[in-house]
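In: need a 3D model of the sequence below.
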Amino acid sequence: MDTLQNMRIFVRVVEAGSFTGAARRLNSTTACASRAVSDLEARLRTRLLNRTTRRMALTQAGKRYLNSCEQILACVDQAEVEASDALPCLSGKLKVHAITGFGQNYVVPAVGEFRRRFPDVSVELTLTQPTPDLLEEGYDVALVLAPALPASGYVSHYLASTFSIACASPRYLEQRGVPRTPSDLAAHTCLQLVTPEAPPAQWRFSGPSGEETINLKQTKFRVNVADALAVALREGMGVGLLPIYTAMHGLRSGELAWILPDYTSRALGVYAIHPSRSHTGTKVRLWVEMLREQLPSTLMQDESELRKFSRS
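Out: Alright, predicted model coming up:
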């Protein structure tokens, strides 16, 4: 087998978590999959996978090589698609995942634009908080918000960045006063949005003096959906950090006020991730390209409008 094919098999072994699983997906044999990885290791003179009778794990060299393989194979796949002039006609289904609030505000409109461009493609969008196992659940691509992505077998594309702001209802602020600095929050009732990317009981702000970390006391209310936190804030239950896309509705209606306008939460990158497959296909590539075109400008528009609501 040639090196490029061995790379494909290596990536598929990592995705499947076993030689047997990779062989099944490749319609091949376990022996062929094992031999392909062994040939790569012999060529590179280093071990890529640590194997036991029960499990396997990437070595440090294997992690670096996996990333390189994914980039090389993605370039090869794109070159083949472009050479075959396969872009004009798209059909079939695109299965997408995103977290709830971000998906409602940004991904659904993007799906509308994608469908206008490619009307023969049906899109199945799932909105839940945790990112699923894309391979196990059959997703083509997921939109992820995180400070940085952990190492994985997925191909990732950085699209944009976003952040959260501190909000409270005017009624709450009239009763409890307006905090001027993050340290003032110690005297307030802080409500927590629980997400995978946010450390428990900590708020991290970027402001005039750089980054500040606030350790929260025992919070009286915790919830894992930003829209639900927004309801609690509008009810005057306390102060909370809301993503811009969730905060905007309450700011426009006057039910929420932006406090600490010189401070924002630590920025989160917006990434599109998808399994590294030889048949990833044109739909995923064009979907990611469209998101890369649209998301930065849409987020910038929201940030520009946000400045109107700065509370002095």
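In: check the offset of stretch 57-64 from the chain's centre.
Out: Relative to the mean C-alpha coordinate of its chain, stretch 57-64 is positioned 23 Å out (Cα atoms, centre = their mean, to the nearest Å).
In: please disregard the earlier target; I meant stretch 126-135.
Out: 10 Å.
In: what's the answer for stretch 245-258, then?
Out: 24 Å.
In: how long is stretch 107-127 from one end to the other?
Out: For stretch 107-127, the first-to-last residue distance is 10 Å (Cα to Cα, to the nearest Å).
In: roughly how far does Gln5 sit from Tyr65?
Out: Using Cβ to Cβ, to the nearest Å, we find Gln5 at a distance of 15 Å from Tyr65. C-beta: built from backbone N, CA, C; applies to glycine.
In: looking at the two, which is more packed in?
Out: Legend: neighbour count by other Cβ atoms under 10 Å for Gln5 and Tyr65, higher for Tyr65 (20 against 13).
In: name the element the more buried one belongs to?
Out: Using DSSP states H and E, Tyr65 sits in helix 60-83.
In: contacts for the helix or strand that that helix is followed by?
Out: Using DSSP H and E, the helix or strand that follows helix 60-83 in sequence is strand 92-98. Contact with strand 92-98 is made by 107, 111, 114, 120-128, 131-132, 134, 138-143, 283-284, 287, as judged by Cβ atoms under 8 Å, 6 or more residues apart in numbering.
In: quick one: the helices in the stretch 101-250 of the chain, in order.
Out: Assigned by DSSP state H, counting those that start in this stretch, the stretch 101-250 of the chain shows helices spanning 108-117, 134-137, 170-176, 226-234, 244-253.
In: which of the ones you listed has the lowest mean pLDDT?
Out: Here the lowest mean pLDDT among the helices of the stretch 101-250 of the chain goes to helix 134-137, at a mean of 83.
In: most remote residue from the chain's center?
Out: Gln175 (37.7 Å; Cα atoms, centre = their mean).
In: for that one, what are its contacts?
Out: So Gln175 contacts Gly236 (Cβ under 8 Å, 6+ apart).
In: with just CA atoms, put stretch 148-161 into CSV.
Out: Provided in CSV are the C-alpha atoms of stretch 148-161 (Å, rounded to 0.1, in the frame of the first residue of the first chain):
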residue,chain,number,x,y,z
ALA,A,148,-9.3,26.1,22.6
LEU,A,149,-10.0,22.7,21.2
PRO,A,150,-8.6,19.5,22.9
ALA,A,151,-6.7,17.0,20.7
SER,A,152,-9.1,14.7,18.9
GLY,A,153,-9.5,12.8,15.7
TYR,A,154,-11.6,15.5,14.2
VAL,A,155,-10.7,18.1,11.6
SER,A,156,-11.3,21.6,13.0
HIS,A,157,-11.9,25.0,11.3
TYR,A,158,-11.7,28.3,13.3
LEU,A,159,-14.6,30.5,12.2
ALA,A,160,-14.8,33.5,14.6
SER,A,161,-14.9,34.4,18.3
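In: and Ala110, how far from Asp227?
Out: From Ala110 to Asp227 the distance is 19 Å (Cβ to Cβ).
In: same deal with Gln192?
Out: 15 Å.
In: over to Cys75?
Out: Taken as Cβ to Cβ, the span from Cys75 to Asp227 is 40 Å.
In: these two: who's more crowded?
Out: Taking other Cβ under 10 Å, Cys75 and Asp227 do not tie; Asp227 has more neighbours (14 against 10).
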